[in-house]
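Participant: test case, fold it:
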Amino acid sequence: MTILVFEASGRCIMAIDGEMSDEQLAVYRAAVRIGGYVNPDTVWYDFDRGGMGYRREFNPVVSVNTISNLPPGTKAFVKGEYVEVDDGSLELEVDYPETIPVVLMHVRLLDKTVMVPCEATS
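Facilitator: Modelled structure (predicted):
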C-alpha cells in the first residue's frame, strides 16, 4: 500500500510506502491510498473533483524572447528567480544575445525546461 500526500495547491509532496493512521494524515490537505507505487512527481490532486489525476506534458511555444501557450498559474524559474505567469506568455528581456534556460512548473503539468533564444531589444 502506498499513501500519496498532497499540499493545498494539489502538488504531491510525498509517497509513503506503508500505513499511517487517519489522525497522522489529518495534518495534510489530502491523502490517497493506492495499491502499488506511483511516482509522486507524476500526479496531482484536484480538489474541485475530489480525486487524484495524472500530470500531462507542457506544450509551450518557444520563439525569440518569448514562451507562449502557458496555462494560468504557471511558474517559471528564470535566472535564479521565480516568475508567475497568468496571461499565457512570458517575455524575456536581455542586454545581449543569449539562450536562456527556463524551467516551467504547473501543478497539473509535468515540469519542463525549455531553451529560449533571446536577442537584445533596444
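
Participant: can you pull out the helices in this structure?
Facilitator: 22-25 (DSSP state H).

Participant: so how far is the helix or strand of it with the lowest mean pLDDT off the chain centroid?
Facilitator: In the chain, the helix or strand scored least confidently by mean pLDDT, DSSP states H and E is helix 22-25, which has a mean of 86. For helix 22-25, the separation from the chain centroid amounts to 26 Å (computed by CA atoms, centre = their mean, to the nearest Å).

Participant: what's it in contact with?
Facilitator: The contact list for helix 22-25 (CB atoms under 8 Å, 6 or more residues apart in numbering) reads 3, 5, 31. Every residue, glycine included, has its C-beta placed from N, CA and C.

Participant: how much space between the nearest residue to the first one once chain neighbours are set aside and residue 50?
Facilitator: Just to be clear, that refers to residue 3. Closest residue to residue 3 apart from its sequence neighbours, by CB to CB, 6 or more residues apart in numbering: residue 16 at 4.3 Å. Distance, residue 16 to residue 50, using CB to CB, to the nearest Å: 21 Å.

Participant: neighbour count for these two, which is higher?
Facilitator: residue 16 (16 against 8; other CB atoms under 10 Å).

Participant: that one contacts residue 32, doesn't it?
Facilitator: No: the criterion here is CB atoms under 8 Å, and residue 16 misses it with residue 32 at 10.8 Å.

Participant: need the residues touching each of those two.
Facilitator: With CB under 8 Å, 6+ apart as the test, residue 16 and residue 32 both reach 3, 4.

Participant: follow-up on the earlier one: for the residue nearest to residue 3, give me its contacts.
Facilitator: 2, 3, 4, 5.

Participant: repeat for residue 86
Facilitator: 72, 73, 74.

Participant: where do the strands sit along this protein?
Facilitator: 2-6, 12-17, 30-34, 43-46, 51-54, 61-63, 66-68, 74-78, 81-85, 89-91, 98-106, 109-118 (DSSP state E).

Participant: could you say what helices and strands the last one packs with?
Facilitator: Translated: strand 109-118. If you count contacts as 3 or more CB pairs under 8 Å, 6 or more residues apart in numbering; DSSP states H and E, strand 109-118 packs onto strand 61-63, strand 66-68, strand 98-106.
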